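1. here's a sequence, model it:
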Amino acid sequence: MDLFDLPLLQTARVIAEFLDTFSSTTTIVRAYKRTGSLRCIQYVAFRELLETQDPFYKRWLLNRTAELAANLPTLQWLLEVYLPVEPMDNVVEVAATFGHLDMLQWLYNNHFDRVYFGGSEMCGALENNHEDVVNWLQEHAVPAPGFQKKVMRSAAKGGNRNIIKWLCEDLGLHELDACTIQSAIDGCNYDIARWLIERLGVFGWDVDVYFPTKHGELSFLKYLASKNIRPCHSTIHVAAAHGHLDIIEWVYNDQVMIGEMVAEATQHGHLDVVQWLLETRGDKCLSGEPSRAFVRAAEYGRLDVIQWVHARWYCNCGTDAMDYAAAGGHLDVVKWLHENRKGHCSEKAMDRAAANGHLDVVKYLHEHYTKGGTTLAMDSAAGAGHLEMVKWLNDHRSEGCSKQWIQRLKMVILMSFSGCMQTERRDARPKLWMMQLKMGISIS
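-> Okay, the predicted model is just below:
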């Protein structure tokens, strides 16, 4: 067959069939996920195999693709060309959640009998603050009584006071529960939570106050306490992790052990919290707490905490501080420990720094410490794809890599260059380089 003798359209079809290596093994759902293209799913639908013609399976393809539809033309083709009579399940909810008002209006005007309005479709629009969609649904699709509590929770979470009042005053929704208040709190809408608590006459309920604690809303926490809604035991730890000393001072009592609080505050660099806990509440401080805080600060690179603890307590933490600081790549901490504490380190310092690709730390340890690393340094660096680290270790250190690792490399390289994924090929570069130099690398 000579392509030059065929009409242009037929020639294009012949070329397309020759190049098509995917349509027989894909579906319109998979094609739309990958491309977001109406033309692509039209092509795939035209070439659907017989097994995809099962009516139940085809209905499933219709609904799942309609959920993904990001524009009105795609939705129109699916409902009016691909499968023009089948009912839809949650396409209205998805369109509302993503703020597609044009889709909702088209469905309402043209396919009202195939979709469902008056359910929980307003929820997604409320939680994602699609005000235009919410207003349109409020006018055209009043939620049925069985869905109104769910809509109320979403309104509380999204902070839509107008919908809350509409549900309560116009639709007569009076039976609210703790979940509604919790939704308002989780959405950080504390004024709405207060309004609901006052309206319901809530007293002594249990709610989770993670978000107000995280955001330092002490006045709201005190308001909850006035309604006998007390924070749980973890509240003080959340406050420590986010540096809210005023909440810690308010919640603290003699039954609280400060160990984990010190660790949380140290990890996140809240020096004022660490100072208050270790100085003001030192009577509740275990003997090893300053040392543990010192090591945690080194692990997360909190030099100001390290310096403050060092000036006030003797911390016997062995090599842990230097080892953890090196592993995290905190060169400023490593230098300070070396200069001010005559800090020692173990082989773990260089091994872990190499494994994590911290070449500047490895060089500093090499220059200032006779204690080096082990074969694990090169093994781990190569395994993580740190080619420059592997080269530097080979040129400046004598440990080399392990014999077991060389044996592993043979299989890894073989697999890597025999049809593997691109990321595996990239990661194999330092491994291949090590293989090429293995005769010049000492093997323990």
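2. all helices of the stretch 151-300 of the chain, in order?
-> Taking DSSP state H, counting those that start in this stretch, the helices of the stretch 151-300 of the chain run over residues 161-165, 178-186, 190-200, 210-214, 218-226, 235-241, 245-251, 259-267, 271-275, 289-299.
3. next: the stretch 301-444 of the chain.
-> For the stretch 301-444 of the chain, the helices defined by DSSP H, counting those that start in this stretch cover 303-312, 320-327, 331-340, 347-355, 359-368, 375-383, 387-396, 403-416, 422-437.
4. now the helices of the stretch 151-300 of the chain as a markdown table including mean neighbour count?
-> For the C-beta atoms, the positions are set from N, CA and C on the backbone; glycine is no exception. Shown next, in a markdown table, are the helices of the stretch 151-300 of the chain (neighbours: other C-beta atoms under 10 Å):
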| stretch | mean neighbour count |
| --- | --- |
| helix 161-165 | 17 |
| helix 178-186 | 21 |
| helix 190-200 | 18 |
| helix 210-214 | 20 |
| helix 218-226 | 16 |
| helix 235-241 | 23 |
| helix 245-251 | 19 |
| helix 259-267 | 22 |
| helix 271-275 | 19 |
| helix 289-299 | 23 |
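5. just put those helices in a markdown table and tack on mean pLDDT and distance to V309.
-> Formatted as a markdown table, the helices of the stretch 151-300 of the chain follow (pLDDT from 0 to 100; distance: least, C-beta to C-beta, whole Å):
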| stretch | mean pLDDT | distance to V309 |
| --- | --- | --- |
| helix 161-165 | 95 | 48 |
| helix 178-186 | 92 | 36 |
| helix 190-200 | 91 | 36 |
| helix 210-214 | 94 | 26 |
| helix 218-226 | 94 | 27 |
| helix 235-241 | 91 | 16 |
| helix 245-251 | 91 | 17 |
| helix 259-267 | 89 | 9 |
| helix 271-275 | 94 | 8 |
| helix 289-299 | 90 | 5 |
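6. dump the ones you listed into JSON lines; add distance to D89 as well.
-> What follows is the helices of the stretch 151-300 of the chain, written out as JSON lines (distance: least, C-beta to C-beta, whole Å):
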{"stretch": "helix 161-165", "distance to D89": "25"}
{"stretch": "helix 178-186", "distance to D89": "25"}
{"stretch": "helix 190-200", "distance to D89": "32"}
{"stretch": "helix 210-214", "distance to D89": "33"}
{"stretch": "helix 218-226", "distance to D89": "40"}
{"stretch": "helix 235-241", "distance to D89": "40"}
{"stretch": "helix 245-251", "distance to D89": "45"}
{"stretch": "helix 259-267", "distance to D89": "45"}
{"stretch": "helix 271-275", "distance to D89": "50"}
{"stretch": "helix 289-299", "distance to D89": "50"}
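7. please identify which of those is closest to D102.
-> Checking the helices of the stretch 151-300 of the chain against D102 by C-beta to C-beta gives helix 161-165 as the closest, at 21.8 Å.
8. so L167 touches S154, yeah?
-> No: using C-beta atoms under 8 Å as the test, L167 is too far from S154 to be in contact (10.6 Å).
9. nearest to V29, of the helices of the stretch 151-300 of the chain?
-> With distances scored as C-beta to C-beta, the stretch of the helices of the stretch 151-300 of the chain nearest to V29 is helix 178-186 (32.2 Å).
10. what are the contacting residues of the closest one?
-> The contact list for helix 178-186 (C-beta atoms under 8 Å, 6 or more residues apart in numbering) reads 149, 152-154, 156-157, 159, 190, 192-193, 196-197, 200, 202, 205-209, 211-212.
11. hmm, T235 is touching P212, no?
-> No: under the criterion of C-beta under 8 Å, T235 is not in contact with P212, lying 9.2 Å apart.
12. anything in contact with each of those two?
-> With contacts taken as C-beta under 8 Å, 6+ apart, T235 and P212 have L221 as neighbours in common.
13. burial of A144, as a residue count?
-> Using other C-beta atoms under 10 Å, A144 has 13 neighbouring residues.
14. can I assume it is in contact with G119?
-> Yes: taking contacts as C-beta under 8 Å, A144 lies within contact range of G119: 6.7 Å.
15. shared neighbours, these two?
-> By C-beta under 8 Å, 6+ apart, no residue touches both A144 and G119.
16. about what we covered before: of the helices of the stretch 301-444 of the chain, which shows the lowest average pLDDT?
-> Lowest mean pLDDT of these: helix 422-437, a mean of 51.
17. can you pull the pLDDT of D20?
-> You'll see D20 listed with a pLDDT of 60.
18. contacting residues around L277?
-> A240, I248, I258, M261, V262, A265, C285.
19. which residues are in contact with the residue lying closest to E175 once chain neighbours are set aside?
-> Leaving aside its sequence neighbours, E175 sits nearest to K149 (C-beta to C-beta, 6 or more residues apart in numbering; 7.5 Å). Taking C-beta under 8 Å, 6+ apart as the criterion, K149 is in contact with L173, E175, L176, D177, T180.
20. with W308 instead?
-> With C-beta under 8 Å, 6+ apart, W308 has these contacts: L271, V274, Q275.
21. swap the cut-off to 7 Å and go again
-> Shown in contact with W308 (C-beta atoms under 7 Å, 6 or more residues apart in numbering): L271, Q275.
22. ok, back up a step: just the buried members of the contacts of K149?
-> For the contacts of K149, a burial check counting by 16 or more other C-beta atoms under 10 Å picks out L173, L176, T180.
23. count of neighbours near the nearest residue to S37 once chain neighbours are set aside?
-> Of all residues not flanking S37 in the chain, A31 sits nearest, at 7.7 Å (C-beta to C-beta, 6+ apart). A31: 20 surrounding residues under other C-beta under 10 Å.
24. cool, G158 as well?
-> Neighbours of G158 under the rule other C-beta under 10 Å: 25.
25. may I have the secondary structure class of the residue nearest to it when sequence neighbours are not counted?
-> Nearest non-adjacent residue to G158, counting by C-beta to C-beta, 6+ apart: L126, 4.1 Å away. Look at L126: counting by DSSP: H, G, I helix; E, B strand; the rest coil, its state is helix.
26. i'd like the first residue to be 43 from this point on
-> Sure, I'll start counting at 43 from here, so that last one is L168.
27. so who does L168 touch?
-> Contacts for L168 (C-beta under 7 Å, 6+ apart) come out as V176, S196, A197, G200, N202, I205.
28. before we move on, back to that, now the contacts of L319 in JSON lines, with distance to V347?
-> What follows is those, written out as JSON lines (distance: C-beta to C-beta, whole Å):
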{"residue": "A282", "distance to V347": "13"}
{"residue": "I290", "distance to V347": "16"}
{"residue": "I300", "distance to V347": "15"}
{"residue": "M303", "distance to V347": "14"}
{"residue": "V304", "distance to V347": "10"}
{"residue": "A307", "distance to V347": "8"}
{"residue": "C327", "distance to V347": "15"}
